[in-house]
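Asks: Pasted the sequence and its predicted model underneath.
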Amino acid sequence: MERENYKKIFLLFLFLFISFLLFLNSNLIFLEAQDIFKEISNFLRGNLNYLPVISTSTVTSQTKSDFSLSLLPYLEKEITGVVKKASPAVVSIVVNKYVPIIERYYSNPFEEFEIPPELEPFFKFDFQVPQYRTKGYKKEEISGGTGFIVSSDGLILTNKHVVNDDKAEYVVYLNDGRKFKAKVLLKHPVDDLALIKIDAYNLPTLPLGNSDNLQIGEFVIAIGNALGEFQNTVSFGVISGLKRNIVASDSFGKVQRLEDLIQTDAAINYGNSGGPLINIYGEAIGVNTAIVSGAQNIGFAIPINRAKRMIEEWKTKGKIEIPFLGIKYILVDEKVKEKFNLPYSYGAYVYTEIKNDKAVIPNSPAERAGIKDGDLILEIDGEKITLQNTLATTIRKKKVGDIISLKIWREGKILEIKVTLGRLPENLLFQ
């Protein structure tokens, strides 16, 4: 309510101000004022239906430029205010580990051979080659990342790949300079998310927004420990794309497929992993997780609603349960449609290329519900399955025990099959 009142007062003041300028300068067009209102409306995501529509006149390009520039201070003030409020809740994570101290020395490889005294003048060599050996261990900083505080008692959200080494020690540095050892509470079984905890209280927190209704072009701010060296680095940009699917690898070469991501052109660097992607209201709407190496300003964030579900499930159950259907499939596009002579160019085709293997996993919820090899799953609960909205993404939104409705094409007929989702078996978890 306070936000809406603020927007109405701001827009009313700006309207009166422009009206005063129009009164002084008859050459200023009213359409330009209306365009400016639209810009501000998009910036604040408000509603201008209560403002009068103004007719047009004549305007110069210089006037248009002057009015556009006049908006920049308001945008700048909004951004700096968000950063000032959010930064105390963003933390740097330093990863320490005992690594071997490698010592180099030299030895003669021929010393081990016994040479008869009479042949020593001919075969005795003083030949030294370098050798290496371990001489103890030392604690060393091996990597760094970012996180942000989601509860005042020290609960911190970050990426799984930041804290995935069970033999490492994690130290959290707060924005005020304090540091704490962190305990890894939870690593998501299939998503690049994790929760860690520090022994501290009355900490500033970052509010979590809603990532379900994001739009391309919205302003966003990324804050993180860039390159593991520059704490609380700020970058600004827009949402460049939604529902992106990528295959990412970490510094250790571990590969993971990530789906339904937010793409942004706000600069995300190494070390920013686990940091927040923030909207102009100071709410985290994503967790920065990956960049495209070699490209400029192409970064990705996990939608915050996935993290919210993880946090809620951990608080209520103490663990994460992954909903499980139990099929192997390929997503359908025009090429798959032609290859298998399918009637639709979308959906999930229940199929496996492995000989003597079944696409429907034995004793799975799918098998119990009667799903068969060769079925084409078109929709789940009325939601169409596409390359952008994959079956895995749709199932991930559900819970173990949920009853879902599948729209299936089978041998020329459309069927509706109800399935009760099970729990993903541990032997199928991605680690």
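Replies: Cool, the structure landed. In this text the structure is predicted, and so the values were computed from the model without any measurement.

Asks: Direction included, what does the helix or strand Ile196 falls within pair up with?
Replies: Assigned by DSSP states H and E, Ile196 belongs to strand 194-197. When pairing is defined by DSSP bridges, strand 194-197 lines up against strand 155-158 (antiparallel), strand 179-187 (antiparallel).

Asks: Does anything pack onto the helix or strand following the first one? Which helices or strands?
Replies: For strand 155-158, the following helix or strand on the C-terminal side (DSSP H and E) is strand 169-173. Applying 3 or more C-beta pairs under 8 Å, 6 or more residues apart in numbering; DSSP states H and E, we find strand 169-173 packed against strand 90-107, strand 179-187. C-betas here are computed from N, CA, C, even on glycine.

Asks: Tabulate those (a markdown table), appending mean neighbour count.
Replies: Shown next, in a markdown table, are the helices and strands packed on strand 169-173 (neighbours: other C-beta atoms under 10 Å):
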| stretch | mean neighbour count |
| --- | --- |
| strand 90-107 | 16 |
| strand 179-187 | 16 |
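
Asks: of those strands, which approaches Leu214 most closely?
Replies: strand 90-107 (20.5 Å; C-beta to C-beta).

Asks: Would you mind writing the CA trace of that closest one as PDB?
Replies: What follows is strand 90-107, C-alpha atoms only, in PDB (Å, rounded to 0.1, in the frame of the first residue of the first chain):
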ATOM      1  CA  VAL A  90      25.000 -10.000   0.600                       C
ATOM      2  CA  VAL A  91      28.000 -12.100   1.800                       C
ATOM      3  CA  SER A  92      31.300 -13.300   0.400                       C
ATOM      4  CA  ILE A  93      32.100 -17.000   0.800                       C
ATOM      5  CA  VAL A  94      35.700 -18.100   0.800                       C
ATOM      6  CA  VAL A  95      36.600 -21.700   0.300                       C
ATOM      7  CA  ASN A  96      39.700 -23.000   2.200                       C
ATOM      8  CA  LYS A  97      41.200 -26.400   2.000                       C
ATOM      9  CA  TYR A  98      44.300 -28.300   3.100                       C
ATOM     10  CA  VAL A  99      46.400 -28.900   0.000                       C
ATOM     11  CA  PRO A 100      49.700 -30.900  -0.300                       C
ATOM     12  CA  ILE A 101      53.000 -29.000  -0.200                       C
ATOM     13  CA  ILE A 102      54.900 -30.300  -3.200                       C
ATOM     14  CA  GLU A 103      58.700 -30.300  -2.900                       C
ATOM     15  CA  ARG A 104      61.000 -30.700  -5.800                       C
ATOM     16  CA  TYR A 105      64.400 -32.500  -5.400                       C
ATOM     17  CA  TYR A 106      67.000 -34.100  -7.700                       C
ATOM     18  CA  SER A 107      68.300 -37.600  -7.800                       C
END
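
Asks: Name the spans of this structure whose pLDDT lies under the cut-off.
Replies: For the chain, the stretches flagged by pLDDT under 70 are 1-70, 98-99, 105, 108-113, 115, 118-127, 136-137, 248-255, 294, 429-431.

Asks: sec struct for the closest residue to Ser151 other than its chain neighbours, please.
Replies: Leaving out its chain neighbours, the residue that sits closest to Ser151 by C-beta to C-beta, 6 or more residues apart in numbering is Thr205, at 6.2 Å. Following DSSP: H, G, I helix; E, B strand; the rest coil, the label given to Thr205 is coil.

Asks: ok, residues contacting the strand holding Ile196?
Replies: 93, 147, 154-160, 162-164, 170, 172, 182-188, 274, 310-311, 314 (C-beta atoms under 8 Å, 6 or more residues apart in numbering).

Asks: Minimum distance to Ser107: which of the strands paired with strand 194-197 has it?
Replies: Comparing those by C-beta to C-beta, strand 179-187 comes nearest, at 41.9 Å.

Asks: so how far is the closest one from its chain's centroid?
Replies: For strand 179-187, the separation from the chain centroid amounts to 20 Å (computed by C-alpha atoms, centre = their mean, to the nearest Å).

Asks: For Lys337, give its distance to Ile330.
Replies: Applying C-beta to C-beta, to the nearest Å, one obtains 11 Å for the distance of Lys337 from Ile330.

Asks: and if you look at Leu378?
Replies: 14 Å.

Asks: Likewise for Arg104?
Replies: Arg104 is 52 Å from Ile330, by C-beta to C-beta.

Asks: picking up where we left off before, switch the strands paired with strand 194-197 over to JSON lines; also include distance to Glu76.
Replies: Below are the strands paired with strand 194-197 laid out as JSON lines (distance: least, C-beta to C-beta, whole Å):
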{"stretch": "strand 155-158", "distance to Glu76": "28"}
{"stretch": "strand 179-187", "distance to Glu76": "32"}
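
Asks: Would you tell me which of these gets closest to Ile221?
Replies: It is, among these and with distance given as C-beta to C-beta, strand 155-158, at 16.6 Å.

Asks: Can you get me a residue count around the residue nearest to Ile298 when sequence neighbours are not counted?
Replies: Nearest residue to Ile298 in three dimensions, chain neighbours excluded: Val292, at 4.2 Å (C-beta to C-beta, 6+ apart). Val292: 14 surrounding residues under other C-beta atoms under 10 Å.

Asks: Give me the phi and psi angles of Val292.
Replies: phi -90, psi 110 (degrees, to the nearest 10).

Asks: From Ile414, how far off is it?
Replies: Distance, Val292 to Ile414, using C-beta to C-beta: 40 Å.

Asks: Next: Ile149.
Replies: For Ile149 relative to Ile414 (C-beta to C-beta), the value is 49 Å.

Asks: Between the two, point out the one with more neighbours.
Replies: Using other C-beta under 10 Å as the criterion, Ile149 and Ile414 rank with Ile149 on top: 23 against 11.

Asks: Contact partners for Lys418?
Replies: Ala369, Ile403, Ile404, Ser405, Leu406.

Asks: Please confirm that it is located within a strand.
Replies: Yes - under three-state DSSP, Lys418 sits within a strand.

Asks: For it, list each beta-bridge partner.
Replies: Beta-bridge partners for Lys418, by DSSP bridges, are Ser405.

Asks: likewise Pro303?
Replies: Gly286.

Asks: so it makes contact with Gly286?
Replies: Yes - here Pro303 reaches Gly286: they are 5.9 Å apart, a contact under C-beta atoms under 8 Å.
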